[in-house]
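> Show me the folded form of this:
(2 chains)
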Amino acid sequence: VPNDFAFDVSDVAGDHVVSLHGQLDLVDADRVRDALIGIAGSTVVVDLADLQFLDSSGIAGLLQARKQIIEGGNGFQMRNAHGIVLRVLEVTGLTHLLAEETTA
Amino acid sequence: VVALGTIGVVLCRPVRRVVVEGDSMLPALRHGDRLLVVRLPAFRRLRPGDVVAAPDPREPRRLLAKRVAGAGTGTATAPGAGGTAGRWVVLHGDNAGASTDSRTFGPVARRSVWGLAWYRYAPADRAGRLRSAPADRAGRLG
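Okay, here's the model as predicted:
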């Protein structure tokens, strides 16, 4: 199975926005966790819009990063979950960690 | 029992926080209102008058907050708009003139509705549980 996971970081209005692409699973979970912790220094926003899949390792990585970043005094947000990724956050009881979404 | 049920609905279910954008649900919801949306799985019944959050059928990553104007089972279509089979709901904004809803895109599948807009947590002076408008009132508003 090809693993097409990638992420990129951009600075938007003083926040570090990390966009995840592809499938986040065991293969990349630690790498993402370390990268998120590494760039903290201001609020970290994890954008899930292009994430196609998230498994328990991926969740663990995100939550470990969240814990460390918050303990370090910075903010941590996740946003734009949809499809399977949103469903995974539902069944694991983590949707309340998503940032506020706009609704029309 | 009612209180326990209420607590159960809130504590045991996924919750999302949404910010209302626009005037489509005036006067019930104002631009900038912040709401807790509680997941209501597809087997739960929605009643006319409930305010729900559902993806925009034309742009699924966009979330809509609308009031249930009707619900049913079978094949449902709207003139000049989309249709759906199975269990469906009709979603209307209270402020018809400023709302894009089932009057434009037709009924939506019940399972596409994510959850019930249950509580307004900001602004503080209007915080509280959202009222489900009585069915006849929702019908008139729609």
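
> In chain A, what residue spans correspond to helices?
Remark: helices assigned in chain A by DSSP state H are A:26-39, A:56-71, A:83-91.

> Columns mean pLDDT and distance to B:Cys12 on top of those helices, output as a markdown table?
For the C-beta atoms, the positions are set from N, CA and C on the backbone; glycine is no exception. Shown next, in a markdown table, are these (pLDDT from 0 to 100; distance: least, CB to CB, whole Å):
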| stretch | mean pLDDT | distance to B:Cys12 |
| --- | --- | --- |
| helix A:26-39 | 96 | 28 |
| helix A:56-71 | 97 | 19 |
| helix A:83-91 | 95 | 12 |
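
> Of those helices, which is nearest chain B?
For chain B, the closest of the helices of chain A is helix A:83-91, at 4.3 Å, according to CB to the nearest CB.

> quick one on the thing from earlier: in TSV: the helices of chain A, plus distance to B:Ala109 and mean neighbour count.
Below are those laid out as TSV (distance: least, CB to CB, whole Å; neighbours: other CB atoms under 10 Å in any protein chain shown):
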stretch	distance to B:Ala109	mean neighbour count
helix A:26-39	34	17
helix A:56-71	28	17
helix A:83-91	15	17
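
> Could you export these as CSV, including distance to chain B?
Shown next, in CSV, are those (distance: least, CB to the nearest CB, whole Å):
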stretch, distance to chain B
helix A:26-39, 22
helix A:56-71, 14
helix A:83-91, 4
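
> Now the residue nearest the centre of chain A: closest residue in space, sequence neighbours ignored.
Closest residue to the average C-alpha location of chain A: A:Val46 at 4.0 Å, with CA atoms, centre = their mean. In space, and not counting its chain neighbours, A:Val46 is closest to A:Met78: 4.7 Å by CB to CB, 6 or more residues apart in numbering or on different chains.
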